[in-house]
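Colleague: Just a sequence and a predicted model for now, questions to come.
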Amino acid sequence: MNVVVVGAGVIGAACADALAGAGHTVHVLDMRGAGRGASQASAGVLAPFIEGHHGDPLLGLCTESLSLYDAFVDGVRERSGRAVEYARTGTMEVALTEADQARLSALHVWLESQQIPSEWLDATAAHALDPAISRRTRGALRIPAHGFVNVPQLVSALAQSAKFRGATVESPAEVIRVEPTKAHVTVVIDGAPRIVDAVVIAAGSWSSRVRIAGLPPIEVKPIRGQLLHLTWPDDAPMPKQVVWAERCYTVPWSDRTLLVGATVEDVGFDERSTVAGIHALMTAVGEILPDAWHASLKDVRVGLRPSPSGLVPLIGPAPNCPRVILATGHFRNGVMLAPLTADRVVAAVSDVGSL
């Protein structure tokens, strides 16, 4: 099968790699280059159970995808020959207030009822486990199955693996229109038509700008996320795992830097960083990790995350168009859902082959 993948973020790169590995001829088209959209605003946290007690319909998808992650990362490391930092060191969500304590205690009870291992730590135990956290912490919920992955490294390795498997990448290249028929799909790229067997729309927030003949625009909208990259003080202990609170999450890296994320801003396609966003994140991280006030600001990352009109991402054939396969609308869960999305896209393309 000759397949075009529109988009080279973590979802597009994962789909391209998996499709090429399944023996398809794959062409990846992107406006700006690999990982330049929502992936820029991802800290790489792999934590499906943080909101699970709310009955989030994403819970099942994220849990299934997490179960695939060890093999997913091992495979892309081996095929690409590139390093991808990845750890399943767990998450610690800290309680700074009485309300936080009650909420996390209830979550602990729910997790145990679902046979998901978790541990409630009182203040003394939390500080003993991770001395970097604030002395204001009243307790913490630890979920050992969680982890994190270096997103830029992952996207780069997926793109390299896809190329080694025979995929080609064109950038900059903008897909303006997709015209499906029963026998093929015409993809109009910068005004020039190309006929293929199937197309995968994985353009994140820009998916709504790809016009599919006979269908309304794909219902996703951009939500800006700002993310801080801090260089940690030499004389301060690094957090030992992802540390989470109501207003921010943090991810420690082996090079003694820390990612702090992320804002959620409905501002259209505005990709600017702002003083307000930086201030909000610094205030939030300072509350849970006081040594953050002595860190250096290495970088500010900004990305537009694709928010779907419904509660779950759009994964699978477009309505009445089996040759047009959607892989978009992942919002904050693109990295989390990359392995599962890739598997489902490969299955959908295989179904096209039987038409």
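Modeller: Ah, there it is.
Colleague: The stretch 251-355 of the chain: helices as residue ranges?
Modeller: 275-288, 334-352 (DSSP state H, counting those that start in this stretch).
Colleague: Is residue 72 in contact with residue 340, as I believe?
Modeller: No. Contact between residue 72 and residue 340 fails when scored by C-beta atoms under 8 Å: they sit 9.3 Å apart. To be clear about C-beta, it is placed using only N, CA and C from the backbone, and glycine gets the same treatment.
Colleague: returning to that earlier point: looking at the helices of the stretch 251-355 of the chain, which is buried most?
Modeller: helix 334-352 (a mean of 23; mean count of other C-beta atoms under 10 Å).
Colleague: centre of the chain versus that helix, how much separation?
Modeller: Taking C-alpha atoms, centre = their mean, to the nearest Å, the mean C-alpha location of helix 334-352 is offset from the chain mean by 14 Å.
Colleague: Same check on stretch 76-88?
Modeller: That offset, for stretch 76-88, works out to 16 Å (C-alpha atoms, centre = their mean).
Colleague: What residues of it count as buried?
Modeller: Of the residues in stretch 76-88, 76, 77, 79, 80, 82, 84, 85, 86, 87 count as buried by neighbour count, 16 or more other C-beta atoms under 10 Å.
Colleague: who are the neighbours in contact with the residue lying closest to residue 303 once chain neighbours are set aside?
Modeller: Distance criterion C-beta to C-beta, 6 or more residues apart in numbering; nearest residue to residue 303, sequence neighbours excluded, is residue 41 at 2.9 Å. By C-beta atoms under 8 Å, 6 or more residues apart in numbering, the residues touching residue 41 are 224, 225, 226, 227, 261, 262, 301, 302, 303, 304, 305.
Colleague: ok, 6 Å please
Modeller: 225, 227, 262, 301, 303 (C-beta atoms under 6 Å, 6 or more residues apart in numbering).
Colleague: Then residue 154?
Modeller: residue 84.
Colleague: Next, the angle from the helix or strand harbouring it to helix 334-352.
Modeller: Using DSSP states H and E, residue 154 sits in helix 151-164. Angle between the axes of helix 151-164 and helix 334-352 is 20 degrees (criterion: axes from the mean of the first three to the mean of the last three C-alpha atoms, to 10 degrees).
Colleague: how about helix 151-164: buried residues?
Modeller: For helix 151-164, by 16+ other C-beta under 10 Å, it's 151-163.
Colleague: Could you point out the helix or strand that follows the strand or helix carrying residue 60?
Modeller: Secondary structure from DSSP H and E places residue 60 in helix 58-80. Downstream of helix 58-80, the next assigned helix or strand under DSSP H and E is strand 86-87.
Colleague: Rounded mean pLDDT for that following strand, please.
Modeller: Computed over strand 86-87, the mean pLDDT rounds to 96.
Colleague: what lines up beside it in the sheet?
Modeller: Neighbouring strands of strand 86-87 in its sheet, by DSSP bridges, are strand 147-149 (antiparallel).
Colleague: on that earlier part again, format the helices of the stretch 251-355 of the chain as a markdown table; extra columns: mean pLDDT.
Modeller: Below are the helices of the stretch 251-355 of the chain laid out as a markdown table (pLDDT from 0 to 100):
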| stretch | mean pLDDT |
| --- | --- |
| helix 275-288 | 97 |
| helix 334-352 | 97 |
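Colleague: so which of these comes closest to residue 2?
Modeller: helix 334-352 (10.4 Å; C-beta to C-beta).
Colleague: quick one: contacts of the closest one?
Modeller: 1, 3, 10-11, 14-15, 18-19, 22, 38, 42, 44, 46, 62, 64-65, 68, 72, 151, 198, 200, 315-317, 322-323, 325, 327, 330.
Colleague: Now the buried members of those residues.
Modeller: Among the contacts of helix 334-352, the ones that count as buried by 16+ other C-beta under 10 Å are 1, 3, 10-11, 14-15, 18-19, 22, 38, 42, 44, 46, 62, 65, 68, 72, 151, 198, 200, 315-317, 322-323, 325, 327, 330.
Colleague: picking that back up, mind giving me the packing neighbours of the helix holding residue 60?
Modeller: With contacts taken as 3 or more C-beta pairs under 6 Å, 6 or more residues apart in numbering; DSSP states H and E, helix 58-80 sits against helix 151-164, helix 334-352.
Colleague: Which one, of those helices, ends up nearest to residue 180?
Modeller: Here helix 334-352 is closest among the helices and strands packed on helix 58-80 (C-beta to C-beta), at 10.5 Å.
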